[in-house]
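> Next come a sequence and a model predicted from it.
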Amino acid sequence: MANPILPWDDEILEVIGKVAPGSELHDGLENILRARTGALIVVSDNEEVLSLIDGGFFIDTTFSPAALYELAKMDGAILLSSDTKKILYANTQLHPDPTISSGETGTRHRTAERVAKQTGALVISISQRRNIITLYRSQWKYILKDVGVILAKANQALQTLEKYRVVLLQALNTLTALEFDDAVTLLDVAAVIQKAQMVHRIAYEIERYVTELGIEGRLVKMQLEELMVDVENEDLLVIEDYLVIEGKTSKEIWQQLGQWSAEDLLDPGAIAKVLGYSGSMNSLEQIVYPKGYRVLNKIPRLPQNVIDNIVSQFKQSSAIVSASIEELDAIEGIGEVRARAIQEGLRRIKGHVLLERHI
């Protein structure tokens, strides 16, 4: 059974992390899974959950994987504290509201889903027959996959990310070269944003795998960080350079684009509209001029407040590139030494991108 599409927010990632390899709870669940005893475990000690339990044993003992495994040999549910550090009850019965809808057929899974929906607690159901672990919380469910399966998917995603990253870097270099030539169109900008979104979506998918893998995902995490180091903030800087709509930040625009489907993201006109342009076919061919945020961020040791002052003074990247030492020196936060460093940095960047363009 495939997992439903989930809104992978911080809360859900935190829940997945609680049962990831390396955690004591994961070790206990794995012991139960291998023994094929099945189990129903509630991770919550709030009053609403406590009101649903009936009978069983009040234990109130320190959690350990071995204790969880032994207690799972009994038929009833096990209740853990919210921080999973204590086992509170064992062999207890749960009585959620029977009118709550459930798509599950088995008694254990149906009870788990209803308790989760009624209380918002994390409920873990281990199927004795199907030998799978299912997590429930509020309105969502998630079936844990084998570590080997997740690792294979993560490695495949890393290979895909590497390919998309190369394409994005090429597009960014081309965009920079066009900026120095004052030849950027909205179509060029939209194409870069599309590629940047795809790279970050793949990276986010890998981050989910890393969370599920726990300690088994350390190598994957290192590779992900290495692949993203050159493109981490490029997306926001591109948007910042070409954003003309009032009242929205580049981060807000980026987050808005992140909610789009892959099909919507393929429409350059829609991207242009989000940036504040008309989005018509004719407007996509119009020449647009960057403010200069991205190119200035490529110059080492240039503070953000100085970058803001430069952009505020010159308005366009081309004006910054052609500015004299005296004009730069007159800006607050820039002395003669820094003005020369900015000029030299811009010359170096221009030479590099033009060289890359002709290789």
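That came through fine.

> mind listing the strands for the stretch 151-300 of the chain?
For the stretch 151-300 of the chain, no strands turn up when DSSP state E, counting those that start in this stretch is the criterion.

> likewise the stretch 1-150 of the chain?
39-43, 53-54, 57-62, 77-80, 86-94, 122-126, 133-137, 140-143.

> Name every strand pairing with the third one and say which way it goes.
What it means is strand 57-62. Each strand that pairs with strand 57-62, with its direction, by DSSP bridges: strand 86-94 (antiparallel).

> which residues are contacting the partner strand?
40, 42, 45, 52-63, 67-68, 71, 74-81, 111, 115 (C-beta atoms under 8 Å, 6 or more residues apart in numbering). Any C-beta I mention is one placed from the backbone N, CA and C, and that applies to glycine too.

> do that again at 6 Å, thanks
The contact list for strand 86-94 (C-beta atoms under 6 Å, 6 or more residues apart in numbering) reads 52-61, 63, 71, 74, 76-81, 111, 115.

> Specify the angle between that strand and strand 39-43 in degrees.
Angle, strand 86-94 to strand 39-43, by axes from the mean of the first three to the mean of the last three C-alpha atoms, to 10 degrees: 120 degrees.

> With mean pLDDT added, can I get the strands of the stretch 1-150 of the chain in a markdown table?
Shown next, in a markdown table, are the strands of the stretch 1-150 of the chain (pLDDT from 0 to 100):
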| stretch | mean pLDDT |
| --- | --- |
| strand 39-43 | 96 |
| strand 53-54 | 94 |
| strand 57-62 | 94 |
| strand 77-80 | 97 |
| strand 86-94 | 96 |
| strand 122-126 | 96 |
| strand 133-137 | 94 |
| strand 140-143 | 90 |
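
> Of those strands, which is nearest Leu243?
Using C-beta to C-beta as the criterion, the shortest distance between Leu243 and those is 34.5 Å, found for strand 140-143.

> List the buried residues of the lengthiest helix in the chain.
Under DSSP state H, the helix in the chain containing the largest number of residues is helix 147-180. If you call a residue buried by 16 or more other C-beta atoms under 10 Å, then helix 147-180 has these buried ones: 147, 150-151, 153-154, 157-158, 161, 164-165, 168-169, 171-180.

> pLDDT averaged over that helix, what's the number?
Mean per-residue pLDDT for helix 147-180: 95.

> centroid residue for the protein?
Tyr204 (3.8 Å; C-alpha atoms, centre = their mean).

> Can you give me the pLDDT of it?
pLDDT, Tyr204: 91.

> The one 3 residues further on too?
Note on Glu207: pLDDT of 92.

> What separation is there between it and Ala157?
Shown here: Glu207 relative to Ala157, a distance of 10 Å by C-beta to C-beta, to the nearest Å.

> Contacts for stretch 23-33 next, please.
Among residues not part of stretch 23-33, those counted as contacts by C-beta under 6 Å, 6+ apart are 18-20, 39, 65, 68-69, 72, 84, 126, 133.

> List the buried residues for it?
23, 25-26, 28-33.

> could these go into CSV alongside pLDDT and distance to Leu187?
Written out in CSV, the entries for those read as follows (pLDDT from 0 to 100; distance: C-beta to C-beta, whole Å):
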residue, pLDDT, distance to Leu187
Ser23, 93, 48
Leu25, 95, 51
His26, 95, 49
Gly28, 95, 55
Leu29, 95, 51
Glu30, 93, 52
Asn31, 94, 57
Ile32, 94, 56
Leu33, 92, 53
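
> Next step: those residues restricted to helices.
In helices, defined here by DSSP H, the members of the buried residues of stretch 23-33 are 25-26, 28-33.

> Now Ser23, what are its backbone angles?
For Ser23, the backbone dihedrals are phi -90, psi 150 (criterion: degrees, to the nearest 10).

> what about the helices in the stretch 251-359 of the chain?
According to DSSP state H, counting those that start in this stretch, the stretch 251-359 of the chain carries its helices in the segments 262-265, 268-275, 281-284, 293-297, 304-314, 317-321, 325-329, 336-357.
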